[in-house]
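> model the following, please.
(one chain, ligands or ions: 3)
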Amino acid sequence: MTVPAVTLTPRPDDGLGAGASAGAILELAARGDFHRWEAQLAATGHCASPIRLQGRIDAIDRATGQARVMYDTDSEPGGVLRIACGNRREHACPACSAVYKNDARQIIRSGLTGGKGIPDTIATHPCVFATLTAPGFGPVHTTRTDRHGRKLPCRPRRDANQRRCPHGRDISCSRTHPDDDPRLGQPMCPDCYDYTGHVLFNACGPDLWRRFTIYLPRQLARLVGITQKDLRDQVSVRFVKVAEYQTRGVVHYHAIIRLDAPGQDYQPPVARYTAALLGYAIRRAAAAVSIDTAAHLTRLNLKAAGTDDTAAVPVVGPDLARILRFGTQVDVRTVRTGISLPGTGSELSAQAVANYIAKYATKTIDAPGLPHRPVNGPRAIAALRCGAHYKRLISVCWELGKHPATAQLGLNRWTHMLGYRGHFLTKSQRYSTTFTGLRQSRITYRRAQRYPDGEKDPWGREIREQTVLVISKWQYAGTGHVTTAESQLALAAAARARDHDRIAREEAWMN
Ligand SMILES: [Zn+2]
Ligand SMILES: [Zn+2]
Ligand SMILES: [Zn+2]
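Residues are numbered from 1 along each chain as shown. Ligands and ions are numbered 1, 2, ... in the order given. Coordinates of the predicted model:
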């Protein structure tokens, strides 16, 4: 009997119900098929909630018509094959989200320094790290620094007349908030704060970003003095971007934006396209782009109603009409090469940028008490343990989801995201490699390890489409581990594997 080399510390709060008894775990480990179960688990990357499949693969000899079984889940532990759930959320599956995060890091890094099929010369292309912020929706407690990085008071006001808002609240703050101050991001007057504008900005953020990516080449062409068509023959704008929540609960974007020559071979653009020029175009595009919510919502409503008669769709009243723009604080820094524009700050190393941006790949909101799933209705919102500001944002999301004019934003499904409906990581085609590409190379690698001499058919020949017909039949048999003992062993093994990966990665990066 082999006892698995993992330390098990069942916790009552691990969401798995009562902990498995030591007896149940020993019983699992003593089973004849334990090793096969362990191997399946390892093949899923120690997924916390694997998808169970039943099925078989048959091979038919095309010449003789003879059929033989290549694989049958009947021979597997529990009669099922387990495959990874692939969930990107850390709370849903720590193992699969770690795989996703690592892939994201590889995608980001290879676009900066090469590797994974991208030439190393990519590091010489004009490339910037840009941060596009959200605008203000009312005064909030904040941290500010001067040019030398020294901390400044939050919102000092010398004149007593300027200190009161129309609601009579003091909207000055002479404190210098520490970084973990729970007041940070909280409005000084909730009644002055534009909660509707804030939620609409989160909800329309992906559209605003999309418009920015359309404006950017336009600005580049204008700066160089050529048409957009000519620009397309000279240069391609490629990017990867992540969304991050600021403490006030509004999304802003960090992006790596790079210029390549057109085409698929990652060649540098002609010399006139510098990082400085790119930075200048980014600032102009960010300043120019906007969304008029009245027009935008009306367009969505017309589309949903399948009409072009504006009288037939809800009127977007002044309560919902906003002009959404990026904030004025657009930060653009050159990544390693090229000349910085005056006042754009220091250059950044590719490694620092990759680390910084990868951090956000699987992260959602980092605020205590914010739910993982949509919150439905006022009672559920009132029961949340988060602060009043987030509660109010969630409420507004809920109300806008019910409002006929904003119904098309589907905000009731995004209450827990404070209205943000987009992905946390998006990239242009050919920024670098893809998630699919990385997954495929893992499959190829595993197959090569499993069949060092090539995969054989049931007659011992090399598998060829011309000689055998391979038929697979699969059927869904459930999700998750079957017993508590299995769940706990899987979680413990996953934690151990992640530690191992983390140490290996840190060691690799230090050298
Ligand atoms: Zn999983
Ligand atoms: Zn303050
Ligand atoms: Zn006020």
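> going by C-alpha atoms from here, please, whenever you check contacts or count neighbours.
OK.
> tell me how many other residues surround Pro166.
Per other CA atoms under 10 Å, the neighbour tally for Pro166 reads 9.
> tell me how far it lies from Cys386.
Pro166 is 27 Å from Cys386, where distance means CA to CA, to the nearest Å.
> so where's the stretch 1-150 of the chain shaky on pLDDT?
1-20 (pLDDT under 70).
> in it, which residue sits nearest ligand 2?
The minimum distance from the stretch 1-150 of the chain to ligand 2, using CA to the ion, falls at His141 (3.8 Å).
> you'd agree that residue is up against Cys189?
No. At 10.4 Å, His141 does not count as touching Cys189 under the criterion of CA atoms under 8 Å.
> what's the longest helix along the chain packed up against?
Taking DSSP state H as the criterion, the chain has its longest helix at helix 195-224. Applying 3 or more CA pairs under 8 Å, 6 or more residues apart in numbering; DSSP states H and E, one finds that helix 195-224 contacts helix 228-234, helix 275-288, helix 388-402.
> for Arg183, which non-adjacent residue is spatially closest?
His141 (6.3 Å; CA to CA, 6 or more residues apart in numbering).
> who's sitting farthest from the centroid in the protein?
Most distant residue from the mean C-alpha position of the chain: Thr64, 51.3 Å away (CA atoms, centre = their mean).
> ok, back up a step: and the residue nearest to Arg183, how far from ligand 1?
Applying CA to the ion, to the nearest Å, the value for His141 to ligand 1 is 39 Å.
> can you check the distance spanned by stretch 85-93, start to finish?
With CA to CA, one end of stretch 85-93 sits 8 Å from the other.
> helix/strand/coil for the residue farthest from the centre of the chain?
For Thr64, the assignment made with DSSP: H, G, I helix; E, B strand; the rest coil gives coil.
> before we move on, the earlier item: what is the orientation angle of the longest helix of the chain with helix 388-402?
Going by axes from the mean of the first three to the mean of the last three CA atoms, to 10 degrees, helix 195-224 is angled at 80 degrees with respect to helix 388-402.
> residues from the stretch 151-300 of the chain in reach of ligand 2?
Cys154, Cys173 (CA under 5 Å from the ion).
> so where's the stretch 151-300 of the chain uncertain?
For the stretch 151-300 of the chain, the stretches flagged by pLDDT under 70 are 158, 160-161.
> in it, which residue sits nearest ligand 1?
Ligand 1 sits closest to Val242 of the stretch 151-300 of the chain, with a gap of 22.2 Å, by CA to the ion.
> returning to that earlier point: burial measure for the residue nearest to Arg183, as a count.
24.
> re earlier: direction included, what does the helix or strand harbouring the residue of the stretch 151-300 of the chain closest to ligand 1 pair against?
For Val242, the enclosing helix or strand under DSSP states H and E is strand 236-245. Looking at strand 236-245 with DSSP bridges, its partner strands are strand 251-260 (antiparallel), strand 425-427 (antiparallel).
> a markdown table for the ones you listed, including distance to Asp457 and mean neighbour count?
Output for these, formatted as a markdown table (distance: least, CA to CA, whole Å; neighbours: other CA atoms under 10 Å):
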| stretch | distance to Asp457 | mean neighbour count |
| --- | --- | --- |
| strand 251-260 | 45 | 24 |
| strand 425-427 | 40 | 17 |
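> will you turn these into TSV that also has distance to ligand 3?
Formatted as TSV, the strands paired with strand 236-245 follow (distance: least, CA to the ion, whole Å):
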stretch	distance to ligand 3
strand 251-260	23
strand 425-427	36
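> for Val330, find the nearest of the ones you listed.
strand 251-260 (10.1 Å; CA to CA).
> got the contact list for the closest one?
Under the criterion CA atoms under 8 Å, 6 or more residues apart in numbering, residues 125-134, 202, 205, 235-246, 266-269, 273, 278, 357, 420 lie in contact with strand 251-260.
> what's the angle between it and helix 275-288?
Using the same axes, to 10 degrees: strand 251-260 against helix 275-288 is 140 degrees.
> in CSV, list the C-alpha atoms belonging to strand 251-260.
Output in CSV follows, covering the C-alpha atoms of strand 251-260 (Å, rounded to 0.1, in the frame of the first residue of the first chain):
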residue,chain,number,x,y,z
VAL,A,251,-11.7,50.2,-14.0
HIS,A,252,-8.5,51.6,-15.6
TYR,A,253,-6.3,50.0,-18.2
HIS,A,254,-2.6,49.1,-18.5
ALA,A,255,-1.4,48.3,-21.9
ILE,A,256,1.8,47.3,-23.7
ILE,A,257,1.6,48.9,-27.1
ARG,A,258,4.2,48.0,-29.8
LEU,A,259,4.8,48.9,-33.4
ASP,A,260,5.8,46.2,-35.9
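> list the contacts for whatever residue of the stretch 301-450 of the chain ends up closest to ligand 2?
For the stretch 301-450 of the chain and ligand 2, the shortest gap (CA to the ion) falls at His389, measuring 14.7 Å. Taking CA under 8 Å, 6+ apart, we find His389 in contact with Gln186, Pro187, Pro190.
> would you format those residues as a markdown table with distance to Asp72, neighbour count and secondary structure included?
A markdown table is the format used below for those (distance: CA to CA, whole Å; neighbours: other CA atoms under 10 Å; DSSP: H, G, I helix; E, B strand; the rest coil):
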| residue | distance to Asp72 | neighbour count | secondary structure |
| --- | --- | --- | --- |
| Gln186 | 58 | 21 | coil |
| Pro187 | 61 | 20 | strand |
| Pro190 | 62 | 17 | coil |
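> let me know the closest of the residues you listed to ligand 3.
Pro190 (6.6 Å).
> and the closest residue to that closest one other than its chain neighbours, how far from Gln329?
Take Pro190 and drop its neighbours on the chain: the residue closest to it by CA to CA, 6+ apart is His389, 7.7 Å away. Plainly put, His389 is 23 Å away from Gln329 if you go by CA to CA.
> ok, Ala123 next?
According to CA to CA, Ala123 and Gln329 sit 27 Å apart.
> so is the closest residue to Glu90 other than its chain neighbours in a helix, a strand, or just coil?
With sequence-adjacent residues excluded and distances taken as CA to CA, 6+ apart, Glu90 is closest to Ser97, at 5.3 Å. At Ser97, secondary structure determined by three-state DSSP is helix.
> all set now, cheers.
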